[in-house]
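J.: After the sequence you'll find the predicted model.
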Amino acid sequence: MSRAAVNSENLTRHLSSLRDLRKTASEEEWLQTGWGFLETMGLGEFYGCDIDLLPIIEGIPAGSEFVDVRCYLQHTLVEVLLDHLEDGGSTILLNTKKMIGTPAEALIPKIEDLRKKEIRGIPVHIEGRELVIYNLYMEEIGTEIEPTGKDPVLLEALWRTAHGSRLLSKLGVGMRADLQALKRIERAINRLGGRLVLSTDGAGDGRASGSRMSSAMQSLLKKHSPVEFHGDDA
């Protein structure tokens, strides 16, 4: 539905339809429907927010004009998202470039800070076994991982971060990689100020590393990379 189509009485009808849809839509469907609604309202800077929009929609005063609803949504979303980000909410699909020059610009410092934090110590599991290294005097001097299989590196935790997902998309790497690709990934993450924590004990089995993500967002990201949603411009 275009922005023109939601003016006046059509807006009320559209909001009513959204409330009805929430009763039957899956969490994943509702998340995407909410993003579509925000774009319809000319609020594409909030596209990709990992929140339930129903409580916000329910708060829209009855009989409001388009411009009043848009203003209400802008300022309410900033407040809700600030709380969401304070709680470590996911930023993976938020596009900070679109926020510049809008009320959402207030979110950018927090988004950037979260994105830096979530790549500090990302767990990466390597299928294999850890070997202890000794010197000539049989003193333990370190360890190394002996991998098994063709693509033993599991990268789900990295995929679930904003910087990590874009990096892996650029490199053309999926949920698994070989050791050669891992070296490239490590160098790139280090340049961003992050660090990978490699292990064979399951620490990289997909657990989130620094951000909370709804089950609906997780489901969407298993089907599509973040780049597919808005391009590599966030």
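T.: Thanks, I have it.
J.: Quick test: name the residue nearest the centre of this structure.
T.: residue 92 (2.1 Å; CA atoms, centre = their mean).
J.: Could you check how far the closest residue to that residue other than its chain neighbours is from residue 118?
T.: Spatial nearest neighbour of residue 92, chain neighbours left out: residue 162 (4.9 Å); criterion: CB to CB, 6 or more residues apart in numbering. (Each C-beta comes from the backbone N, C-alpha and C, glycine too.) According to CB to CB, to the nearest Å, residue 162 stands 7 Å off from residue 118.
J.: for residue 20, same thing?
T.: 36 Å.
J.: Ok, residue 31 next?
T.: Look at residue 31 and residue 118: by CB to CB, they are 20 Å apart.
J.: and what of residue 73?
T.: Distance of residue 73 to residue 118, given as CB to CB: 27 Å.
J.: So for these two, which sits in the more crowded spot?
T.: Taking neighbours as other CB atoms under 10 Å, residue 73 and residue 118 compare with residue 118 leading, 25 against 22.
J.: which intervals of this protein have sub-threshold pLDDT?
T.: 1-9, 143, 202-211, 227, 229-234 (pLDDT under 70).
J.: which residues of it fall in strands?
T.: Remark: strands assigned in the chain by DSSP state E are 120-126, 128-134, 140-147, 153-154, 176-177, 195-199.
J.: ranking those strands by burial, who's on top?
T.: Comparing the strands of the chain by mean neighbour count (mean count of other CB atoms under 10 Å), strand 153-154 ranks first with a mean of 24.
J.: buried sites along stretch 46-56?
T.: 46-53, 56 (16 or more other CB atoms under 10 Å).
J.: which one's the longest helix in this structure?
T.: helix 66-86 (DSSP state H).
J.: Please list the outside residues in contact with that one.
T.: Here helix 66-86 makes contact (CB atoms under 8 Å, 6 or more residues apart in numbering) with 3, 6-8, 11, 38, 41-43, 46, 49-51, 56, 59-61, 64, 89, 91, 102-104, 106-107, 110-111, 114.
J.: Over to stretch 185-198?
T.: Residues outside stretch 185-198 that contact it (CB under 8 Å, 6+ apart) are 116, 119-124, 126, 145, 155, 158, 163-164, 167-168, 171, 173, 177, 182, 203-204.
J.: show me the contacts for the residue in the chain sticking out farthest from the centre.
T.: No residue in the chain sits farther from the centre than residue 137, which is 48.9 Å out by CA atoms, centre = their mean. Applying CB under 8 Å, 6+ apart to residue 137 gives no contacts.
J.: quick one, phi psi at it?
T.: With angles defined as degrees, to the nearest 10, residue 137 sits at phi -100, psi 10.
J.: what domains does the record give for the protein?
T.: Per the record, the chain has its domains at 4-115, 119-209, by automatic domain parsing.
J.: can you redo those domains as a markdown table with distance to residue 215?
T.: Output for the domains of the chain, formatted as a markdown table (distance: least, CB to CB, whole Å):
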| stretch | distance to residue 215 |
| --- | --- |
| domain 4-115 | 6 |
| domain 119-209 | 12 |
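J.: Can you say which of the ones you listed is nearest to residue 217?
T.: Smallest distance to residue 217 across these (CB to CB): 4.8 Å, for domain 4-115.
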